Each structure stands twice: as structure tokens, then as C-alpha cells.
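Asker: Predicted coordinates and the sequence they were generated for:
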Protein chains: 4
Amino acid sequence: MVAIGHTRWAIAEGYIPSESSFSDRALVSHETACFLNAGDRNAHVAITIDFADREPAGPFRITIEVRRTLHLRFNPHRIPRDSDYASIFESDIPTVVQHTRLDSRHAEVALLSTVSYAEG
Amino acid sequence: MVAIGHTRWAIAEGYIPSESSFSDRALVSHETACFLNAGDRNAHVAITIDFADREPAGPFRITIEVRRTLHLRFNPHRIPRDSDYASIFESDIPTVVQHTRLDSRHAEVALLSTVSYAEG
Amino acid sequence: MVAIGHTRWAIAEGYIPSESSFSDRALVSHETACFLNAGDRNAHVAITIDFADREPAGPFRITIEVRRTLHLRFNPHRIPRDSDYASIFESDIPTVVQHTRLDSRHAEVALLSTVSYAEG
Amino acid sequence: MVAIGHTRWAIAEGYIPSESSFSDRALVSHETACFLNAGDRNAHVAITIDFADREPAGPFRITIEVRRTLHLRFNPHRIPRDSDYASIFESDIPTVVQHTRLDSRHAEVALLSTVSYAEG
């Protein structure tokens, strides 16, 4: 299959609440970047995190294997909770990136998902 | 009416929770791919499912009739629940694809919808 | 201000639940198409509704005034509840269209919003 | 890093509920425009607000610093609550803009986020 997607992606809105109503990992408040590599070789992606009030972090490097999806949970060891951040993804081959948040500060889970901004 | 849309679409983020708080089909946790064929002939779409840790499934083939919408519920017989997946849609004429999830793991239903990634 | 947007828009996913937990108009289950006309003359928009299993309805015609926004609630007299539908918008000048649903089948309101598919 | 994004953005759908179930600032009903400036100089953005039934407000001017994100909460002193509005962003360098709403009219928080419409 021909690769689908773009090589540069950005998520302007990131925010991981520190509170959760559940201890089950699937329901702890979290954010995920979902990658699709529909191409015929591995995709190497560099992730940069921009903050509101400090220098950017990264690049962090990941690999998405051939014809696989990778749903990457943002690492709370690298991204402080309760802080605004944004993320930029640069890949060596086209991929598709989508962004999801599960917010369980309250027992009623709120969910959002959006295709990221693409170019390149 | 002139066809509107693209011929290649991708949803990087798919996940069907196994739990639901309701037995009513409309409120069981599910995901839907919504197609619009505004053109003047039938659209033939091949669907491929990519996973995190196994070979892709498909292509599965569907037809969207002339000037109709088709809201296709992802089939739990083909896509395991509680597993990350992604989907790719290739059509012979332009269509528009949107992705919806209804998550009723809790009695309070969470809902998301996003226009899929388009190209071609 | 120069007009911003496109002249053709589509929403592939439409569905108005028949049930609501509230009688307050703001909280009755509904869908809205939100238009922005940032241009310097009125925008004339033709709306066509496609269904899953019957002929399309419309075109219905609306006007968005100069430098105004119009948040148009889909009319349950024209669109049956609990039925899949899709919508196509054709404007004589560029506009921006966004789609919102408020689902109050349960007392806990679910909310979604997405920028529509654009072309032209 | 090369700048990523566009110079003109629009959010067709804006609405800030007047009611909230919480007094904690993070959980009061609000809307946010999230900016990412991945470029190598400051971004100067002019914000115009269009309404349904009155003249536009603004432009309001903000600066997003180099390699920073700015999550800007819409100001209820400038935008009446319970009123439809839309917003237009014009920047001197490319940025990425995303739109978020937290609706806490009910104790169960509803959340939405969408990449804004981009051009230029």
C-alpha cells in the first residue's frame, strides 16, 4: 500500500489532568497520540514538546513499524500534569496522527479526539 | 451534484471498549465510520484495518449508493475489543468519511466525532 | 476583511436522538451547523440532506449576513430523529462551517464539535 | 525549527455557557484557543470576534513567544455568555490553532476539542 499522510504534525492543545477517579490504567486521565503507518517501511518520528513558560523538551524518538498503528500515551515523567503543552511530530515518511484525551477527574469520563494539524 | 470529498481516508485512532452500561444497541459502546457519497454513481470502498501487533486485516468491501449516507458500525467479529487499531479507506470515487465513538463503559455516555484524515 | 473559508462543505455524520433529559431548549438533544461569514457581502447557502435509505431533501436556502456568525439548529421537522443523515453546504462565497451535537439522552450531557469537510 | 501552520484561522462555533457546577477555575465552563508557535520568532496575532446579531469586536492583539504554546481562555468580559460567536485569527507568521470547550453546566463535565479551520 502507498504511504498515506504527512511528515509534519502538530497538536496545539495538550493538558493532562492530575486527578482521576479511577485506578484502572485504562481510565486514569491521560492523553494519547495515535500514529498510523500505512507505508512499506518503518517510520521514525521525532517528538518535540513545547510549553507555555519554559524551553521545549525533546526530541524524543519513536519508531512505528510497517503497516502498524501505535497509540502512544504521553509520559507523565516527561510532561508535567496540569500544565499547558503542545507537541510537534516530524517523521521520515508520511504517517497519520490523531490526538485523544480521556479526562476522568470526575467519575463521568469525558473523551475527546481530533485529527492533528498536518503539513509537509 | 458533483462528487465531494477524497478517495483515500484514514482513522489513526480506533478502540472499542468491551464494557457497556446498556444493552440497547444504540447505547452499547461502539465505533462508526460515516460515509457520504454525494456523487452520481455508487462508491466502492475497500477498508483495511491496521493493528498494533499483528498483520493488517482486510480489505473488506462495501458500497455506498448514489446520494446516500452510510453509517457503518465497526464489526466486533472482525476487530477485537479493547485493542488499538487504525483504519484506511480507499474509494473509487470521492466520498467524505467521519469517525464516531460512543463509549458507555460508564452510565454517563462519552461521545466523540472527528472528520477523518483525507488525501487523494 | 478578506473572506475566509471554502464554498463547499460536508458533514458525513448526522444523527439527532429523539430522547432528551431536559425540556430547556438549550439542553434538548440537537445538532447545529455553525457558519462564519467573514467576507464583505452576504453568503447564500444551499443545504442538501442525504439519508441512508431515501432520496435527498432540499436544497434549503439560508443567508449568512456580512461579518456575522449563524448557528443553525437542524430542523426536526425536516430531519427525522433517530435516523442517519449527512449534509452538504454550497455557498456563493467562502464561509467556514462547524458541526456540533448536544446529546442529552442521559442526564449527563455529551457534546461534540468538529470542523466540517471543506473543498472548493 | 521551521515554522509550522498557517497565518489565518477561524473557529465558526463559539458558545460559553453561563452556568457552571464548580467554582474551581479549571472547571468553570470556558472556551480556550490554543496556539502553537514552533517558529523562530514571536508571532503577533489579531483576534476578531463575530457575533450573530451585532458588529464584530476587536481586533484584540496577543503575542505568542518563540517555541512556546499559549492556551488563551476567551474573556467573558469581551464575549457575552450564552451567545453565539465565531473567531478569526490573523498572524504574521504561521501558527497552529486548536479550540477547546469545557462545559460544566452539569456536574458531569463535557469536553470538546477541534483543530480550527486553517488557510493562508
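Answerer: Good, I have the coordinates. Numbering: from 1, shown residues only, chains lettered A, B, ... in the order given.
Asker: Can stretch A:21-30 be said to contact chain D?
Answerer: No. Judged by CB under 8 Å from any CB of the partner chain, stretch A:21-30 and chain D are separated, with a smallest distance of 11.1 Å. Using the backbone N, CA and C atoms, a C-beta is placed for each residue, glycine as well.
Asker: Residue A:26 in helix, strand or coil?
Answerer: State at residue A:26, reduced to three classes by DSSP: H, G, I helix; E, B strand; the rest coil: helix.
Asker: Tell me who's in contact with it.
Answerer: By CB atoms under 8 Å, 6 or more residues apart in numbering or on different chains, residue A:26 lies in contact with residue B:82.
Asker: same question, the one 10 residues further on
Answerer: Taking CB under 8 Å, 6+ apart as the definition of contact, the neighbours of residue A:36 are A:4-5, A:64, A:69, A:95-97, B:10-12, B:50, B:86, B:88.
Asker: can I assume it sits in a helix?
Answerer: No. Assigned with three-state DSSP, residue A:36 falls outside any helix and is strand.
Asker: For it, give the beta-bridge partners.
Answerer: Bridge pairing for residue A:36 (DSSP bridges) gives the partners residue A:69, residue A:96.
Asker: now it: how far from residue C:54?
Answerer: 35 Å (CB to CB, to the nearest Å).
Asker: Chain A: strands as residue ranges?
Answerer: Ranges of strands in chain A, per DSSP state E, are A:6-14, A:30-37, A:43-51, A:57-64, A:68-73, A:85-103, A:110-115, A:117-119.
Asker: does any bit of stretch A:14-25 sit next to chain C?
Answerer: No. Using CB under 8 Å from any CB, stretch A:14-25 never reaches chain C; the gap is at least 13.7 Å.
Asker: Might you calculate how far that stretch sits from the centre of the chain?
Answerer: Mean C-alpha position of stretch A:14-25 versus that of the full chain (CA atoms, centre = their mean, to the nearest Å) differs by 16 Å.
Asker: Tell me who's in contact with the spatially closest residue to residue A:72 that is not a sequence neighbour.
Answerer: In space, and not counting its chain neighbours, residue A:72 is closest to residue A:33: 4.9 Å by CB to CB, 6 or more residues apart in numbering or on different chains. Contacts for residue A:33 (CB under 8 Å, 6+ apart) come out as A:11, A:47, A:71-72, A:74, A:87, A:89, A:97-99, A:116.
Asker: Who wins on neighbours among the contacts of residue A:36?
Answerer: In terms of neighbour count, residue B:12 stands highest of those at 34 neighbours, by other CB atoms under 10 Å in any protein chain shown.
Asker: Against residue A:6, how distant is that residue?
Answerer: Counting by CB to CB, the gap between residue B:12 and residue A:6 amounts to 12 Å.
Asker: do the same with residue A:53
Answerer: Taken as CB to CB, the span from residue A:53 to residue A:6 is 29 Å.
Asker: So between these two, which is more surrounded?
Answerer: Using other CB under 10 Å as the criterion, residue A:53 and residue A:6 rank with residue A:6 on top: 19 against 10.
Asker: Is that one in contact with residue A:90, as I believe?
Answerer: No. Assessed by CB atoms under 8 Å, residue A:6 is found out of contact with residue A:90, at 10.2 Å.
Asker: contacting residues for the closest residue to residue A:55 other than its chain neighbours?
Answerer: Of all residues not flanking residue A:55 in the chain, residue D:67 sits nearest, at 7.5 Å (CB to CB, 6+ apart). By CB under 8 Å, 6+ apart, residue D:67 lies in contact with A:50, A:55-56, D:1, D:37-40.
Asker: Between those residues, which has the least confident prediction?
Answerer: Across the set of these, residue D:1 stands lowest in pLDDT, at 57.
Asker: What pLDDT does the model give the residue nearest the centre of chain A?
Answerer: Nearest residue to the geometric centre of chain A (CA atoms, centre = their mean): residue A:33, 2.3 Å. Listed pLDDT for residue A:33 reads 89.
Asker: What of residue A:8?
Answerer: The model's pLDDT for residue A:8 equals 88.
Asker: ok, what's across the strand from it?
Answerer: residue A:90, residue A:119.
Asker: my read: it touches residue D:5, true?
Answerer: No. At 9.8 Å, residue A:8 does not count as touching residue D:5 under the criterion of CB under 8 Å.
Asker: who's in contact with the residue lying closest to residue A:53 once chain neighbours are set aside?
Answerer: Leaving aside its sequence neighbours, residue A:53 sits nearest to residue D:68 (CB to CB, 6+ apart; 7.4 Å). Counting by CB under 8 Å, 6+ apart, residue D:68 makes contact with A:50-53, D:37.
Asker: so how far does stretch A:37-49 reach from one end to the other?
Answerer: 21 Å (CA to CA, to the nearest Å).
Asker: Check the burial of residue A:3 by counting its neighbours.
Answerer: Here the number of neighbours of residue A:3 (other CB under 10 Å) works out to 17.
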